[in-house]
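Student: got a predicted model here, sequence first, then my questions.
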Amino acid sequence: MKNFLNKSTSIFLVALATLTTTWAQTHGKQGMVVSDNTMASQVGVDILKKGGNAIDAAVATAFALAVTHPQAGNIGGGGFIVFMDATSKTTTIDFREKAPLRATPNMFLDQEGQLVEGSNHNGLQSVGVPGTVAGLYMAHSKYGSLPWKKLVQPAIALAKKGVVLSYTLASHAKNMQSGSSPDFMKNYFTDSEGKLLGHGDQWVQKELANTLKKIKKHGKDGFYKGKVAQEIADYMKKNGGLIGLDDLEKYTAIEREPVKGTYHGYDIYSMPPPSSGGVALIEMMNVMERANLDSVPFNSTEYVHLVAETMRRAFADRAEHLGDPDFNSDLPLDKLTSKDFAKMRYDHIDFDKASVSDSTTFGQLYDGSNTTHLSVIDKDHNAVSLTYTLEHSYGSEMGSPKLGFIFNNEMGDFNPQPGYTNSSGLIGSDPNLIRPEKRMLSSMTPTIVAKDGKPYLVIGSPGGRTIINTVFQTVLNVLGYEMPIEKAIETMKIHHQWLPDQLVYEKYLLSPDTKQSLEKMGHKTREVRNLGRLMGIIYDTELNIYIGASDSSSPDGASIGY
Ligand code: GLY
């Protein structure tokens with residue numbers, strides 16, 4: 001990577017000690033935490049300063065986000081960790097939610113076998129068995145160094161003493177008072193008298209603090225057994241949910257081998273199924289490796305066309321092949337991530353005109369965009385890339401008032417109507433149909449790139465299916481276009497997911513001339529306000545410094561180094 005800071009500037013910046021920022025570069029000599037919330041990033045850095053490693057800091061940050069960033073930070077959802085140690089030994093932890101034992105492939109269909117619109121994302125039947133507490137507990141048991149209690153305690157303190165309500169959360173609070181929000185959300189951002197809180201008010205979460213205390217004391221069992229589990233099961237039974245004590249008791253996180261790819265000498269490690277993110281990322285990086293980027297200037301028509309066509313193909317492959325590996329013994333992962341397969345995909349791109357996505361085979365909807373990502377690196381070069389989610393913003397918007405946390409609505413990530421795929425576009429392929437205890441296919445793409453055997457780039461994003469593409473473009477921007485991390489994160493992103501056949505771009509960031517040229521080539525363009533909310537860290541090997549950046553689209557986010 002090109003140097004974009006001279007040495008004396010960097011040393012001066014480091015000398016300023018802890019630096020917090022919402023999106024420009026932050027520098028750290030010993031460690032760095034980047035997350036969607038400043039208080040949570042600070043919790044992670046404090047753990048590093050107390051001698052904790054990257055896993056300890058990631059676990060503490062994730063618990064803190066469950067308090068300070070409740071739209072996606074959670075203990076009622078699930079996610080993935082990619083962990084690389086200083087020698088580039090890499091592993092992943094899958095704590096994706098599971099379908100309850102009583103779930104069936106047709107549970108969201110009416111008597112005519114049609115999907116009941118919205119049913120897979122609404123109400124308690126949309127809740128998957130949460131995995132977050134099991135995943136964080138497994139990560140800590142296997143790779144952490146500080147006592148578990150010390151990692152949960154900062155979140156308890158934030159919930160008990162209260163946090164100052166940000167402008168963003170205050171606006172969510174206000175919106176939830178109107179419309180169709182369930183009662184749980186109407187009473188969520190309130191004081192002890194039930195009065196709605198506003199921007200700048202202190203928000204105390206007593207019930208959440210009590211739930212976290214049980215997790216602190218009993219570890220994973222504090223959530224999946226005992227009083228918390230009983231209340232989850234009782235609440236579900238009373239309100240038409242499917243999750244019972246047996247579901248909670250049976251839930252386990254799973255350690256899996258990462259998917260691995262290369263790009264011009266860099267090693268890329270990412271999340272395998274049940275996430276589709278890593279496989280699609282590596283397929284797309286392999287396709288892009290075939291192109292000579294000197295003749296594909298960044299943001300030119302050629303660039304947008306090539307990137308969009310690459311995405312179109314990877315998303316078609318995703319739709320056809322991917323699902324929970326524990327229910328699909330023959331996922332063609334080696335093929336999809338091979339250089340030969342990428343060559344075939346690249347060779348079929350027409351450089352003068354857009355392909356047409358064939359709606360008679362596969363397609364898929366956009367989905368929930370409120371996930372959250374955190375990146376951590378410690379003084380020994382151990383790195384963690386963690387993405388976790390409730391699916392939609394505030395998930396199902398439901399939860400037991402006695403427990404104080406929100407349940408996901410992740411069942412919406414399964415293919416809801418077996419065998420039915422259309423262009424607008426439901427998807428009905430078998431690998432991702434609902435089965436009891438199956439994990440729903442995800443797009444989360446926590447990723448770590450290694451250079452010369454050491455973690456080099458730690459990156460991830462929320463954004464539903466756009467996650468795969470925003471992470472892909474950020475990795476390409478750094479490795480291929482040699483951009484500094486904050487530029488790689490901020491610069492224009494596009495999204496194509498095969499079906500609907502649309503080239504989505506960020507408002508203000510694509511020139512009108514380029515847009516026109518792309519439309520002449522046959523692309524159907526669509527403008528959106530923003531794509532991605534990336535949280536990244538780079539290790540600058542020459543300066544021996546960590547550089548962090550949190551996307552400016554994250555209003556409360558921060559990279560904090562020390
Ligand atoms: N719920 C978003 C994802 O898992 O892709």
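Tutor: Nice, I can see it.

Student: right, is stretch 528-540 up against the ligand?
Tutor: No - Stretch 528-540 is not in contact with the ligand by CB under 6 Å from any ligand atom; minimum separation 13.1 Å. Heads up, the C-betas are built off the backbone N, CA and C, glycines and all.

Student: figure out the length between the terminal residues of that stretch.
Tutor: 33 Å (CA to CA, to the nearest Å).

Student: how far off centre is that stretch?
Tutor: 11 Å (CA atoms, centre = their mean, to the nearest Å).

Student: flag every buried residue along it.
Tutor: By neighbour count with 16 or more other CB atoms under 10 Å, stretch 528-540 contains the buried residues 530-540.

Student: can you give me the neighbour number for the nearest residue to I268 once chain neighbours are set aside?
Tutor: Excluding its sequence neighbours, the residue lying closest to I268 (CB to CB, 6 or more residues apart in numbering) is G261, at 4.5 Å. G261 is flanked by 25 other residues according to other CB atoms under 10 Å.

Student: what's the spacing between G261 and the ligand?
Tutor: Using CB to the nearest ligand atom, to the nearest Å, we find G261 at a distance of 20 Å from the ligand.

Student: parallel or antiparallel, which strands does the helix or strand harbouring that residue pair with?
Tutor: Per DSSP states H and E, G261 falls inside strand 259-263. On the basis of DSSP bridges, the sheet neighbours of strand 259-263 come out as strand 266-270 (antiparallel).

Student: rewinding a little: state the mean pLDDT of the strand holding G261.
Tutor: Mean per-residue pLDDT for strand 259-263: 98.

Student: just the residues contacting it, thanks.
Tutor: 90, 267-272, 278-279, 281-282, 285-286, 288-289, 333, 337, 475, 479-480 (CB atoms under 8 Å, 6 or more residues apart in numbering).

Student: which ones among these lie within helices?
Tutor: 278-279, 281-282, 285-286, 288-289, 333, 475, 479 (DSSP state H).

Student: in ChimeraX, how would I select the buried members of the residues you listed?
Tutor: The buried residues among these can be selected in ChimeraX (16+ other CB under 10 Å) with this line:
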select :278,279,281,282,285,286,288,289,333,475,479
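
Student: now the ones in helices among the contacts of strand 259-263 as a markdown table including distance to the ligand?
Tutor: Formatted as a markdown table, the ones in helices among the contacts of strand 259-263 follow (distance: CB to the nearest ligand atom, whole Å):
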| residue | distance to the ligand |
| --- | --- |
| G278 | 12 |
| V279 | 13 |
| L281 | 13 |
| I282 | 17 |
| M285 | 19 |
| N286 | 22 |
| M288 | 22 |
| E289 | 25 |
| L333 | 18 |
| V475 | 18 |
| L479 | 23 |
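
Student: for the ones in helices among the contacts of strand 259-263, work out which two are farthest apart.
Tutor: The largest separation in the ones in helices among the contacts of strand 259-263, counting by CB to CB, is between L333 and L479 at 21.8 Å.

Student: three-state assignment of the closest residue to Q502 other than its chain neighbours?
Tutor: Of all residues not flanking Q502 in the chain, R526 sits nearest, at 4.7 Å (CB to CB, 6+ apart). Put simply, R526 is strand when judged by DSSP: H, G, I helix; E, B strand; the rest coil.

Student: partners of R526 in the sheet?
Tutor: Residues in beta-bridge contact with R526 (DSSP bridges): V504.

Student: neighbours of it, how many?
Tutor: With other CB under 10 Å as criterion, R526 counts 11.

Student: distance from the chain centre to the host helix or strand of K214, please.
Tutor: Secondary structure assignment for K214, by DSSP H and E: helix 206-218. Averaged C-alpha coordinates place helix 206-218 at 25 Å from its chain's average position (CA atoms, centre = their mean).
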